[in-house]
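> all I have is the shape, not the residue letters:
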């Protein structure tokens with residue numbers, strides 16, 4: 001079975017969080033409550049990128065909220081792309 005490749009996700013996440021290096025070996029995992037602060041920061045960074053490129057209407061103030069993220073985690077539909085170890 002071929003290992004999935006998430007280059008597009010990697011590029012966006014790398015840009016949104018300001019990271020300068022990524023090994024491009026990513027895996028998806030279900031998010032946990034511990035991920036919420038990082039996810040909210042990622043969303044804020046993404047909103048800045050969208051607004052700078054003229055997309056001012058997709059995510060307004062307060063969206064997505066902590067409550068929405070918690071609900072998605074509870075329902076098992078929130079995932080995080082993370083660098084694979086090693």
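Structure's in. What do you need? This one's a predicted model, so the numbers in the text were calculated from it and none came from an experiment.
> what about residue 68, distance to residue 54?
Noted for residue 68: a distance of 25 Å to residue 54, by Cβ to Cβ, to the nearest Å. The C-beta positions use only the backbone N, C-alpha and C, and glycine is treated the same way.
> which one's more surrounded, these two?
Legend: neighbour count by other Cβ atoms under 10 Å for residue 68 and residue 54, higher for residue 68 (13 against 7).
> just checking, that one is part of a helix?
Yes. Using DSSP: H, G, I helix; E, B strand; the rest coil, the secondary structure at residue 68 is a helix.
> what's the host helix or strand of residue 71 packed up against?
Here residue 71 sits within helix 66-75, counting by DSSP states H and E. Applying 3 or more Cβ pairs under 8 Å, 6 or more residues apart in numbering; DSSP states H and E, one finds that helix 66-75 contacts helix 36-52.
> how far off centre is the helix it packs on?
Centroid displacement of helix 36-52 relative to its chain, using Cα atoms, centre = their mean, to the nearest Å, is 8 Å.
> so how many other residues sit close to residue 49?
Using other Cβ under 10 Å, residue 49 has 12 neighbouring residues.
> for this structure, give me the ranges with low pLDDT.
In the predicted model, the chain carries pLDDT under 70 at residues 1-24, 86.
> show me what stretch 67-79 is in contact with.
Contacts of stretch 67-79 with the rest of the structure, by Cβ atoms under 8 Å, 6 or more residues apart in numbering, involve 28, 29, 30, 31, 32, 33, 35, 36, 39, 40.
> what is the most widely separated pair among these?
Using Cβ to Cβ, the contacts of stretch 67-79 span at most 18.9 Å, a distance reached by 28 and 40.
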